[in-house]
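A.B. asks: Pasting the sequence and the predicted model now:
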Amino acid sequence: MADSPDGPFERVSPKPVLEISDLPDDFDSYRIDDACILYKDKQYWMYYKGRSFKHGKEGPRNTKMGVAIAKNPEGPYAKYKNNPIITSGHEVMVWPYNNGVMALISEHGPEGKTLQFASDGLRFARVASFDADYPKAPGSYRQGNFTDASKQEKGIDWGISMDYGNKEKWPHLLKYTMSLKTSEVK
């Protein structure tokens with residue numbers, strides 16, 4: 001934790017903010033990582049990816065996304081009882097959009113290469129698919145991220161993404177831009 005983005009940073013607790021499940025069949029029993037936090041409905045919503053112990057070593061195609069919610073950014077976080085909320089994707093990229101939450105799903109899994117929207121932040125549905133290039137391992141610039149997501153309408157304009165194309169400089173980061181019209185998603 002820090003009072004400024006420049007730090008200094010201080011560890012709040014020696015314990016993890018979120019732990020893997022003790023049940024081997026749970027989607028997050030092997031690993032949890034790549035979290036993204038939004039502020040919504042006066043709570044902190046931590047979206048994260050997980051893999052089950054049963055399929056964990058098989059790679060990204062078995063990654064799913066869950067959410068855990070807390071009253072404070074440092075927790076404690078309670079996992080949503082109906083996790084996983086998205087059954088595909090490898091990277092976690094979510095942002096406040098049109099009074100709900102938008103998610104970019106990478107190419108991995110049955111819902112791969114889609115944008116999904118959830119007005120409640122939990123029940124995501126496909127709103128667009130893409131065959132062309134999309135941001136890989138993306139990070140987005142989210143202005144006003146910690147204002148309530150129910151008041152956010154704009155979404156994101158740009159971010160940083162991994163570029164795998166040039167093997168001599170592989171991998172490296174590049175800027176991407178995106179544009180969604182609020183009227184496209186209800």
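C.D. replies: Sure, I can see it.
A.B. asks: what number of residues lie near the spatially closest residue to His172 that is not a sequence neighbour?
C.D. replies: In space, His172 comes closest to Asp163 once its chain neighbours are excluded; the distance is 5.4 Å by C-beta to C-beta, 6 or more residues apart in numbering. To be clear about C-beta, it is placed using only N, CA and C from the backbone, and glycine gets the same treatment. Residues lying near Asp163 (other C-beta atoms under 10 Å) number 16.
A.B. asks: what do you get for Tyr176?
C.D. replies: Neighbour count for Tyr176, taken as other C-beta under 10 Å: 19.
A.B. asks: How about the secondary structure of it?
C.D. replies: Three-state assignment for Tyr176 (DSSP: H, G, I helix; E, B strand; the rest coil): strand.
A.B. asks: Was I right to think it contacts Gly159?
C.D. replies: Yes. With contact defined as C-beta atoms under 8 Å, Tyr176 reaches Gly159; the gap is 5.9 Å.
A.B. asks: shared neighbours, the two?
C.D. replies: Taking C-beta atoms under 8 Å, 6 or more residues apart in numbering as the contact rule, Tyr176 and Gly159 both touch Pro135, Pro138.
A.B. asks: in the chain, which residue is closest to the centre?
C.D. replies: Val92 (2.9 Å; C-alpha atoms, centre = their mean).
A.B. asks: secondary structure class for the residue lying closest to it once chain neighbours are set aside?
C.D. replies: Closest residue in space to Val92, ignoring its immediate chain neighbours: Asp34 at 4.4 Å, by C-beta to C-beta, 6+ apart. Judged by three-state DSSP, the three-state class of Asp34 is strand.
A.B. asks: Number of residues surrounding Asp34?
C.D. replies: By other C-beta under 10 Å, neighbour count at Asp34 equals 17.
A.B. asks: And Leu122, by the same measure?
C.D. replies: Neighbour count for Leu122, taken as other C-beta under 10 Å: 15.
A.B. asks: rewinding a little: for the residue nearest to the centre of the chain, give me the pLDDT.
C.D. replies: Predicted confidence (pLDDT) for Val92: 79.
A.B. asks: and Ile105, what is it in contact with?
C.D. replies: So Ile105 contacts Ile86, Ser88, Gly89, Glu111, Gly112, Lys113, Thr114, Leu115, Gln116 (C-beta under 8 Å, 6+ apart).
A.B. asks: Highest neighbour count among those residues?
C.D. replies: Among the contacts of Ile105, Gly89 has the most neighbours (other C-beta under 10 Å), with 25 neighbours.
A.B. asks: That one touches Glu111, doesn't it?
C.D. replies: Yes. Counting by C-beta under 8 Å, Gly89 touches Glu111, with 7.1 Å between them.
A.B. asks: which residues are contacting stretch 69-77?
C.D. replies: With C-beta under 8 Å, 6+ apart as the test, stretch 69-77 has contacts from 1, 12-13, 17-18, 37, 42-46, 68, 78, 80.
A.B. asks: where's the residue of the chain lying at maximal distance from its centre relative to Ala118, distance?
C.D. replies: Outermost residue of the chain with respect to the C-alpha centroid, by C-alpha atoms, centre = their mean, is Glu168; its distance is 29.6 Å. Separation of Glu168 from Ala118 (C-beta to C-beta, to the nearest Å): 40 Å.
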